[in-house]
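Q: please find the sequence and the predicted model below.
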Amino acid sequence: MDGSENVTRLLREWSDGHRTAFDELMPIVYGELHRQAGRYLRNERGYQTLQTTALIHEAYVRLVGQTGFQWESRTQFFAFAAQVMRHILVDRARAKHREKRGGNAVKVPLDEAVGLTVEEQDIDLTALDNALNRLAKIDEQQVRLVELRYFGGLSLEDTAEALKISRATAARDWNVARAWLHRELTR
C-alpha cells in the first residue's frame, strides 16, 4: 500500500472512531504538515513569532478534537489542516494587533505562489482574512481554493481533487480569485 492509500485508510479508520488509527496517522502526516507550516512561516520575514513546530502542535490539538467528521482522502485532510493553520495565524495576528492597540499589524508576503503581483508583496494577514471573508460572500469555492493553495501549499491538481472540481475550473477560479484579491488588497 503506498503512502497516500495508507493515509486514506487511517483517516477512514479514525472517522470510524478508532483512536489508534489517529495515533498511527500523525507520524505519517507530520512531515507534510511541517512542510506546509514551514513554507508559510518562512515567508513571514520575522513578523510572526510562532515557530513551525508550535503551529503544527496547535493545529494538532485542534485536529485531535475533531469528532464525527468523515475523512475521505489525504487531500481533504491536508485541506482541512490548511484551514486550521489559517485560523490559528489569523487569531494570533488579531490578538497581537489588539495588544498593540492599533500598532503594526502582522504582515505576511503573498509570494509568487499566489501570484498577486510579479514582485513579492507584504500583506497584512488580517486584511487578507477580511478580504477572503468578503470573497466568501461572492464565491465560497474561490476562498477554499486560496486556502488550499496559499495556506496549504497544495498544487492546482490536489486543490481540484480536494474541491471535487476539474483542473480547468480550479485554474480559472484561481486566476479570478488572485485578481480579485489583488484589487482588494491594493486599494
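A: Right, received. Where do you want to start?

Q: contacts, neighbours, all on C-alpha from now
A: Will do.

Q: all strands of the chain, in order?
A: For the chain, the strands defined by DSSP state E cover 107-110, 121-124.

Q: mean pLDDT for those: which is lowest?
A: The weakest mean pLDDT among the strands of the chain belongs to strand 107-110, with a mean of 50.

Q: in this protein, which spans are helices?
A: Applying DSSP state H to the chain gives helices spanning 3-15, 19-42, 52-64, 74-99, 125-138, 140-146, 156-163, 167-185.

Q: tell me, what residue is most central in this structure?
A: Against the mean C-alpha coordinate of the chain, by C-alpha atoms, centre = their mean, the closest residue is Ala82 at 2.5 Å.

Q: which residues touch that one?
A: When contacts are counted by C-alpha atoms under 8 Å, 6 or more residues apart in numbering, Ala82 touches Gln36, Glu147, Leu148, Phe151, Gly152.

Q: give me the neighbour count for the second one.
A: Pointing back at Glu147 there. A count of nearby residues for Glu147, using other C-alpha atoms under 10 Å, gives 23.

Q: next up, the contacts around it.
A: For Glu147, the contacting residues are Ala79, Ala82, Gln83, Arg86, by C-alpha under 8 Å, 6+ apart.

Q: do the last one as well
A: For Gly152, the residues meeting the contact criterion (C-alpha under 8 Å, 6+ apart) are Gln36, Ala37, Phe78, Ala79, Ala81, Ala82, Gln83.

Q: for this structure, what helix or strand is lowest in average pLDDT?
A: One helix or strand of the chain scores below all others by mean pLDDT, DSSP states H and E: strand 107-110, with a mean of 50.

Q: now Thr67. Nearest residue, chain neighbours left out?
A: Ser15 (7.4 Å; C-alpha to C-alpha, 6 or more residues apart in numbering).

Q: do I have it right that that neighbour meets Gln70?
A: Yes: between Ser15 and Gln70 there is a contact at 5.1 Å, judged by C-alpha atoms under 8 Å.

Q: looking at the two, which is more packed in?
A: Ser15 (19 against 14).
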